[in-house]
Every structure is written in structure tokens, then in C-alpha cells.
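>>> Quick one, what's the 3D model for this:
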Amino acid sequence: MAVLTAARATTAVPTEALTAARVTTVAPTPARAATVAPMVVPTAARAVALDPVAATAARTVALTAVPTVERAVGPTAVPMAVRVGEQPLSAGRSPDRPALRRCISAEPGEFASVHWGRAPLLSKAADLAKPFDDLLTLTDVDELLSRRGLRSPFLRVARDGAVLGSWQFTRGGGVGAEIADQVADDKVTRLFDDGSTLVLQALHRLWPPLIDFGGGLGVDLGHPVQINAYITPPSSRGFSAHYDVHDVFVLQLDGRKRWLIHAPVHPDPLRDQPWDRRRAAVEARAAEEPLIDTALEPGDALYLPRGYLHSATALGGVSAHLTVGVHVLTRYAIVEALLKLAGGLPELRATLPLGIDAADPDQLAPHIAEVVAELGRLAPDSGAVARVLRDLVWQGTRPSPVSPLAQVAAARAVAAGTRVKVRPGLRFRLDARDGRVLLDIPGDQLSLPETTAAALAELLSGEPCVVGRIGGLPVADQIVLVRRLLREAILVPMGDVV
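Residues are numbered from 1 along each chain as shown. A predicted model of the protein is given here:
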């Protein structure tokens, strides 16, 4: 604290300069998010280190002067003793996993060991905490289709197992809305009446209850999620038997729907291995006796690992369910990360001989052997692999929304007594290096004086914090730090202490 005070006395730049300084952003977001060439250690070590942070322009936050531009370079950051790791939610990942518990009747530990990625799980409403009518209702669906200005990417329409062209249910937005593909509620009405299934996509980005639920479930699982809603007319089937390349939770909202589940024809499919490439095998398996033949009632849930065949038919009246798609990280994702790191080896970047016939296995054989040998000597540290995979998760899951106008107003009004907390769902990592504290967030990094370490640890703990009571900094510097973190949407306001 004395260091901060002394520095402030010698800079002649007011503390408030931090809140107005934007010269610290030296690259647009796309550049920060882009894949960069890995850093290479000496060839003799046969090791590769990829540090996305090293290729990212770190934004330096100086508490006592206008920030200057720094680039975070050098060795992998040394974890801080006071605070290390990712804190996905405001209070971290709850051991109780409340969002997951809404979807399964088994205990989370049993689900993880018996069902996750292995076997389906049918959970009846009586064995779950509560129904799903707080997440989405048929009335909500009508509002989305008629009053929210949806465009075609957010609505698909299917009939007899085939997806209709968007022109069949969209039109221009009218005067003042030069949009050619806005959902037309009258066209949707006719299609639904004729037996078409409606698919509302990416509701985890559109509908507030599902934004919150999807964010919590993604944290509980550790894998990104998306949420779609399927609304099926009476006695209609939306899609023929197929498998998904992601895990799914089916949450029945309204009506009844019969589900037929068959064993995989291609276990654990990757994203580039869709079911239609195995259409004949899928159709043959779907003609066999199903593993599960059940009717989901409102409040029931069904978990299906990727690869399991499924089809569903509405029974009686209109049926609606949510499909939560879990975009799981796989061991193959580790392979892909290793290949990115392998690009740092000059031997693996070498050009193949002039005139080589790539169709000739005999000509390729010695080069394949050499590449396999080089890969066998590749020894990346787990931290480098973790950073590659971390970016996949971080970029695939957004934190909870912030209100830009209210956020700016709160930042400007920070004073002693202001209450804040870390933004729910924000993924971050806090490290120390070369006398700085580095705060990694999706697509960006802030570099702060190491004297802020204790204050940052407290602010990012997930517990509400009150300016003036944050340890490790004078009140004036607490104000500046909180103001900047509000402007960066790392913290969110909670009002003032009464």
C-alpha cells in the first residue's frame, strides 16, 4: 500500500486516469482470439510450449498512472499462492451441482461414473427437484415467435424428418427493419397446423431463464452447452431416427412424447462424423428392438450420450421439450491440441521431397515413420495443452449478460460502500509473473501491479465485496480497481451498502 501511495505522489497523474484510458487495447478482439504460432523451445529438448497469453497484448492496469502497453512474454506463469484457478461462477462450482441435479434422478457422483458418456438415464418427474415450467412454456414460445423479432437462424421447421427452407416461414421485417429473414408468425401458424415441428435454437442466448440455467449447467458439467426447444404438433414426428455428435439432456415441458432409443452404430462420434454418413446402418439399427421405449411426461428428463440413436413422436396434443446439447471435450480434443503444439517443431514443418507422389503409400511410408518418431519425442507441458483446451471452453460459453448502460453508470459511481461481485459464469485465471498479476479472461488479459493480488483474490472469490472493506489496498485504490473491473465487465454491481 505504501508503494501505491508513493507512486501516486510521484506521477502527477490522477488516479481517475485509469477509468478513461483505452490506449491499453492494442489489438482488436479477433486478433486476440486468433490462433497464434506456438513458441518453440530449443530443438534438442524436443519440447514445445504454446502460450496464447504470450501472443496476446496484455492490457496493463496501473493504479496510479495512465496505463502503458505491455506484452506478456516469457515462461508459463507461476501460480499465485493467494489465488489460483478458474472460478466459473460467482461462488465457484457448487459441490451440489444444482443445475445438473435438475436434470438427473441419480446422485451426481453416480451419474458421473455410470452414465456420463456411457449410458442413457431416464429420470421421472417424481424423482426430480421440480418441473421445468419456470424455464419455458408454450405461452413463452408464442411470444418468441411473434414478438421478439427472431430471424431464421433461431428457428428451424421440420416436416416428415426433413428441414424446410427458411423462405417458407420468413419474410422482410417491414419499414425501418431491412431484414429479409425475420420469422413470419402467420406462416409459422400454417406450417404448425399442417404438422410441422418448430425448433427454437440457441435459447441459451435468447431467453433469460434459459440463459441462467444454461450457464449454471455448463459450469456444473465443465463442458459448453446449447439449448434448443422442440414443439411438435399432435401425433407428429419431427425427425427420423438419428444420432447427435454431442450429449443431450431432454427435458419435457408440455404434453407427452414417445421416445425410442437404440444403441450406437458408431460410438462416441466426433463433430465431423454425423449420422447421415452412416444412414444405412442407422436405419437398420432403428428397425431393431429399442433399448428404451418410453413416453416422457411433463417434468421427465432423459440423458443420452452422443451416438445413441433416438426418435420421438408426440402423443395426443402438442408436445414441447428442451434439448440441452452438451458439446463435450474429448480425448481427441487433446490430440488436436497436441497437433497445434507440434507445429512448433521445425522437423514437423519440413517440406516433403520435390516430385513426391502423395498417392503412393511406398513413397509416403518413410516420411510417416519419421513423423511418428518426432511425435513420440514431443513433450509439451500440460499447462500448454490446458491453455489450448481452455480457450475452446471459454469461447464456447458466455458469462451471464451485463447491462451496458447500467454497468457504465455503476463504474462512474463507485465509492466507499459500493457492493460488487464477480460476473456470474465468467471464466478466468489469475496468475503472477515478473512482478505483475495477470488476469486472463476469454479473449483478453489484464496486467496489474502485484500489490493488487490480495484485493483481486477477494473480488474474484465469488462473494459480494464492499468498496472500503477490500483487503490489501487503500480505499482510493480500491475505488480505481473496482471501477476498472466494472468497465471490463469482470465485476457486476450489487448496489450500495445501506
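>>> What is the burial count for residue 132?
24 (other C-beta atoms under 10 Å). All C-beta spots, glycine's among them, are computed from the backbone N, C-alpha and C.
>>> Does it fall in a helix, a strand, or a coil region?
coil (DSSP: H, G, I helix; E, B strand; the rest coil).
>>> Remind me what the lengthiest helix in the chain packs against, helices and strands.
Ranked by residue count and defined by DSSP state H, the top helix of the chain is helix 361-377. Judged by 3 or more C-beta pairs under 8 Å, 6 or more residues apart in numbering; DSSP states H and E, helix 361-377 is in contact with helix 331-342, helix 346-349.
>>> shaky segments in the stretch 301-450 of the chain?
For the stretch 301-450 of the chain, applying pLDDT under 70 flags no range at all.
>>> Need the winner for burial among the helices and strands packed on helix 361-377.
Of those, the one with the most neighbours on average (mean count of other C-beta atoms under 10 Å) is helix 331-342, at a mean of 15.
>>> Centre of the chain to it, how far?
19 Å (C-alpha atoms, centre = their mean, to the nearest Å).
>>> can you give me the strands for the stretch 101-250 of the chain?
121-123, 155-159, 162-163, 170-171, 182-183, 197-200, 225-232, 247-262 (DSSP state E, counting those that start in this stretch).
>>> weakest of the ones you listed in terms of mean pLDDT?
Per-stretch mean pLDDT for these is lowest at strand 162-163 (a mean of 86).
>>> Adjacent strands (with direction) for that one?
Sheet partners assigned to strand 162-163 using DSSP bridges are listed as strand 155-159 (antiparallel).
>>> just checking, what's the longest strand in this protein?
strand 309-326 (DSSP state E).
>>> Just want the angle from that one to strand 225-232.
140 degrees (axes from the mean of the first three to the mean of the last three C-alpha atoms, to 10 degrees).
>>> what about the spatially most central residue of the chain, distance to residue 476?
By C-alpha atoms, centre = their mean, the mean C-alpha position of the chain lies nearest to residue 397, the distance being 1.7 Å. From residue 397 across to residue 476, the span is 36 Å (C-beta to C-beta, to the nearest Å).
>>> can you check residue 445 too?
25 Å.
>>> Could you look up the SS state of residue 387?
Under three-state DSSP, residue 387 comes out as helix.
>>> residues near it, how many?
Neighbours around residue 387, by other C-beta under 10 Å: 21.
>>> so who does the residue lying closest to residue 442 once chain neighbours are set aside touch?
Of all residues not flanking residue 442 in the chain, residue 394 sits nearest, at 4.1 Å (C-beta to C-beta, 6 or more residues apart in numbering). Applying C-beta atoms under 8 Å, 6 or more residues apart in numbering, we find residue 394 in contact with 427, 441, 442, 443.
>>> quick one: residue 394 is in a helix?
Yes: the assignment for residue 394 by three-state DSSP puts it in a helix.
>>> re the thing from before, switch the strands of the stretch 101-250 of the chain over to CSV; also include distance to residue 277.
Formatted as CSV, the strands of the stretch 101-250 of the chain follow (distance: least, C-beta to C-beta, whole Å):
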stretch, distance to residue 277
strand 121-123, 27
strand 155-159, 20
strand 162-163, 17
strand 170-171, 30
strand 182-183, 31
strand 197-200, 22
strand 225-232, 22
strand 247-262, 17
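>>> Which of those sits closest to residue 489?
Closest approach to residue 489 among these is made by strand 225-232 (21.2 Å; C-beta to C-beta).
>>> Alpha carbons only: can I get the closest one in CSV?
Provided in CSV are the C-alpha atoms of strand 225-232 (Å, rounded to 0.1, in the frame of the first residue of the first chain):
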residue,chain,number,x,y,z
VAL,A,225,-24.0,-26.3,-23.6
GLN,A,226,-26.6,-25.1,-26.0
ILE,A,227,-30.4,-25.2,-25.6
ASN,A,228,-33.0,-25.8,-28.2
ALA,A,229,-36.8,-26.2,-27.9
TYR,A,230,-38.8,-28.6,-30.0
ILE,A,231,-42.5,-28.0,-30.3
THR,A,232,-44.3,-30.9,-32.1
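>>> How far off centre is it?
17 Å.
>>> Which residues outside stretch 349-368 are in contact with it?
So stretch 349-368 is contacted by residue 343 (C-beta under 8 Å, 6+ apart).
>>> one step back: can I get the CA coordinates of the longest strand of the chain in PDB?
What follows is strand 309-326, C-alpha atoms only, in PDB (Å, rounded to 0.1, in the frame of the first residue of the first chain):
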ATOM      1  CA  LEU A 309     -30.000 -43.300 -31.800                       C
ATOM      2  CA  HIS A 310     -33.300 -41.600 -31.000                       C
ATOM      3  CA  SER A 311     -36.600 -40.500 -32.500                       C
ATOM      4  CA  ALA A 312     -39.700 -39.100 -30.900                       C
ATOM      5  CA  THR A 313     -43.400 -38.800 -31.700                       C
ATOM      6  CA  ALA A 314     -45.900 -36.600 -30.000                       C
ATOM      7  CA  LEU A 315     -48.800 -38.400 -28.300                       C
ATOM      8  CA  GLY A 316     -52.200 -36.800 -28.200                       C
ATOM      9  CA  GLY A 317     -51.800 -33.000 -28.100                       C
ATOM     10  CA  VAL A 318     -49.000 -30.600 -28.700                       C
ATOM     11  CA  SER A 319     -45.700 -31.700 -27.100                       C
ATOM     12  CA  ALA A 320     -42.800 -29.500 -26.200                       C
ATOM     13  CA  HIS A 321     -39.400 -30.300 -24.800                       C
ATOM     14  CA  LEU A 322     -36.000 -28.700 -24.400                       C
ATOM     15  CA  THR A 323     -32.900 -30.400 -25.800                       C
ATOM     16  CA  VAL A 324     -29.700 -29.300 -23.900                       C
ATOM     17  CA  GLY A 325     -26.800 -30.200 -26.200                       C
ATOM     18  CA  VAL A 326     -23.500 -30.700 -24.300                       C
END
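>>> Buried residues of that strand, list them for me.
If you call a residue buried by 16 or more other C-beta atoms under 10 Å, then strand 309-326 has these buried ones: 309-315, 318-326.
>>> Among the residues you listed, which one sits closest to residue 287?
Nearest to residue 287 among these, counting by C-beta to C-beta, is residue 309 at 10.7 Å.
>>> hey, what's the closest one bridged with?
Residues in beta-bridge contact with residue 309 (DSSP bridges): residue 262.
>>> Please apply the same query to residue 431.
Residue 431 has these beta-bridge partners by DSSP bridges: residue 79, residue 438.
>>> In the stretch 101-250 of the chain, where is pLDDT below threshold?
Ranges of the stretch 101-250 of the chain meeting pLDDT under 70: 237-238.
>>> Distance-wise, check the residue of the chain most remote from its centre relative to residue 349.
Most distant residue from the mean C-alpha position of the chain: residue 355, 45.0 Å away (C-alpha atoms, centre = their mean). Residue 355 sits 20 Å away from residue 349, going by C-beta to C-beta.
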